[in-house]
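> I would like the atomic coordinates for the input below:
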Amino acid sequence: MKKFSGDAKDYLTFWSQFKKIHDDQSIIADEDKIQYLLQSMQPGSKAERLVLSFPATADNYNKAIEKLKERFGREDLLVQIYVRGKLNLLMKNATSLYDELEGKL
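The predicted model follows:
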């Protein structure tokens, strides 16, 4: 499983994989899940720092998950990121088209 860097664009993919492998497994204790969560973070990343801000206890597992969702999985943030990406692509295409037309005229 790819480690989560804290890039919000990658959050949904990370969470769907982590959830399937660890979070949905009722036989795994929460104190183990928080360790798996820590191991799933890219060292030195914003996401790792967020998870490390919670002592690695069973009680803090759900708190850490909720904070990750609040920080990186907010729908409004993800929409903003994807729209910005599309606008950048449109601007690049418009610039390329302009350059091509200018060269031919």
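
> can you give me the buried ones in stretch 54-74?
Buried residues in stretch 54-74, counted by 16 or more other C-beta atoms under 10 Å: 54, 60-61, 64-65, 67-68, 72-73. Any C-beta I mention is one placed from the backbone N, CA and C, and that applies to glycine too.

> now stretch 17-35
18, 22-23, 30, 33-34.

> just how off-centre is it within its chain?
Distance, stretch centre to chain centre, for stretch 17-35: 18 Å (C-alpha atoms, centre = their mean, to the nearest Å).

> and the end-to-end length of that stretch?
End-to-end distance for stretch 17-35, by C-alpha to C-alpha, to the nearest Å: 16 Å.

> contacts for that stretch, please.
Residues from elsewhere that reach stretch 17-35, judged by C-beta atoms under 8 Å, 6 or more residues apart in numbering: 1-2, 4, 36-37, 40, 51, 54, 56-62, 64-65.

> could you list which of those residues belong to helices?
Among the contacts of stretch 17-35, DSSP state H puts 36-37, 51, 58-62, 64-65 in helices.

> dump these into CSV; add distance to residue 87 and pLDDT as well.
Converted to CSV, the ones in helices among the contacts of stretch 17-35 look like this (distance: C-beta to C-beta, whole Å; pLDDT from 0 to 100):
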residue, distance to residue 87, pLDDT
36, 37, 95
37, 34, 96
51, 32, 97
58, 44, 94
59, 43, 96
60, 39, 96
61, 38, 96
62, 36, 95
64, 33, 97
65, 32, 96
